[in-house]
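*Asks:* here is a sequence with its predicted model. Questions after.
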Amino acid sequence: MSGQFRLAQISDTHVRADDGGAAASQLRRAMAQAKEYSADVILLTGDLVNDAREDEYAVLAETLTDPPTPLYLMPGNHDDRGLIRRFFPQHTYMPRDGALHFTIEAFPVRMIALDDIVPGETHGLLRRSGAEWLESALSVERTKPTIVALHHPPFLTHDLLFDKIGLLDAEEFATVVARHRQVLRIICGHHHRVAFGQAAHAPVIVAPSSSWTYGLAMNDGQQIAPRTAEQPGWMLHAWTAAGGIASHFIGL
Ligand SMILES: [Fe+2]
């Protein structure tokens with residue numbers, strides 16, 4: 001097995017059917033850049049589309065017809081699990097029903113995708129079922145370097161809005177992670193801006209959105225979730241057996 005691995009994490013694509021193809025074209029550009037950086041795999045970490053509409057998933061499916069690498073899909077709070085399954089039947093790693101958790105075993109770094117969405121809600125929640133699934137997924141392989149992906153940041157970012165709509169049971173998440181030293185990184189999205197945090201021993205990296213960026217609202221009275229002119233982008237997580245892991249923001 002190779003001693004090198006590159007993961008392109010593209011998040012919060014928010015593909016629409018009525019934006020003149022803007023979000024889909026950002027996703028296409030990000031995939032083209034991922035190919036230039038010799039990514040081994042692309043993982044979309046949720047909010048695949050904007051309003052969980054069938055016409056939006058149709059645009060997404062067309063955009064993802066011929067990805068440059070193996071490509072995996074995770075849900076975010078703007079998604080519908082049933083529609084993801086219906087529009088991407090060739091994505092056979094997805095379980096047939098229930099939460100869309102899965103693991104990716106084909107690379108020298110193991111990836112665990114944790115579905116933390118609550119249908120109809122904006123926040124994330126692991127619940128006992130999610131914590132038990134994560135514990136059992138991590139227990140299968142305790143020595144291989146592992147990245148855990150979820151949609152909602154499992155730490156407080158000190159943003160007035162996003163702290164209310166993050167992973168509400170982040171402590172339970174950290175309790176599971178603490179038992180597994182093989183977890184190198186935790187990666188998520190949702191905030192539409194780059195941020196860094198911690199869960200147990202593992203650094204957490206929040207990827208930007210490929211479509212638009214939210215400014216911070218940290219003080220009372222500030223407008224929450226203002227759109228800013230900051231650059232959208234994606235994250236390249238690069239690992240080697242000799243050198244460990246580094247994560248890079250790639251602007252779009
Ligand atoms: Fe989003």
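*Replies:* Ah, there it is. Numbering: from 1, shown residues only.
*Asks:* from here on, contacts and neighbour counts on C-alpha atoms
*Replies:* Noted.
*Asks:* residue in the stretch 51-200 of the chain nearest to the ion?
*Replies:* When distances are taken as C-alpha to the ion, the stretch 51-200 of the chain reaches nearest to the ion at His190, 4.6 Å away.
*Asks:* what's next to stretch 128-148, contact-wise?
*Replies:* Here stretch 128-148 makes contact (C-alpha atoms under 8 Å, 6 or more residues apart in numbering) with 103, 108-116, 172-173, 176, 180-187.
*Asks:* adjacent strands (with direction) for the worst-scoring helix or strand of the chain on mean pLDDT?
*Replies:* Counting by mean pLDDT, DSSP states H and E, the weakest-scoring helix or strand in the chain turns out to be strand 227-228, with a mean of 94. Applying DSSP bridges, strand 227-228 is found paired with strand 213-214 (antiparallel).
*Asks:* how about the residues of this protein that lie near the ion?
*Replies:* Contacts of the chain with the ion, taken as C-alpha under 5 Å from the ion, map to 12, 47, 190.
*Asks:* backbone dihedrals for the second one, please?
*Replies:* Main-chain dihedrals, Asp47, degrees, to the nearest 10: phi 50, psi 50.
*Asks:* spit out the contact partners of the residue of the stretch 51-200 of the chain closest to the ion.
*Replies:* When contacts are counted by C-alpha under 8 Å, 6+ apart, His190 touches 11-12, 46-47, 76, 151-153, 206, 209.
*Asks:* how about the residues you listed in a markdown table, adding neighbour count and pLDDT?
*Replies:* Shown next, in a markdown table, are the contacts of His190 (neighbours: other C-alpha atoms under 10 Å; pLDDT from 0 to 100):
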| residue | neighbour count | pLDDT |
| --- | --- | --- |
| Ser11 | 31 | 98 |
| Asp12 | 32 | 98 |
| Gly46 | 28 | 98 |
| Asp47 | 25 | 98 |
| Gly76 | 33 | 98 |
| His151 | 31 | 98 |
| His152 | 30 | 98 |
| Pro153 | 32 | 98 |
| Val206 | 26 | 98 |
| Ser209 | 30 | 98 |
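*Asks:* reformat these as TSV; add distance to Ala229.
*Replies:* Shown next, in TSV, are the contacts of His190 (distance: C-alpha to C-alpha, whole Å):
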residue	distance to Ala229
Ser11	18
Asp12	16
Gly46	22
Asp47	20
Gly76	23
His151	23
His152	23
Pro153	22
Val206	18
Ser209	13
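*Asks:* check contacts around His192.
*Replies:* Listed by C-alpha under 8 Å, 6+ apart, the contact set of His192 reads 12, 207-209, 212-214.
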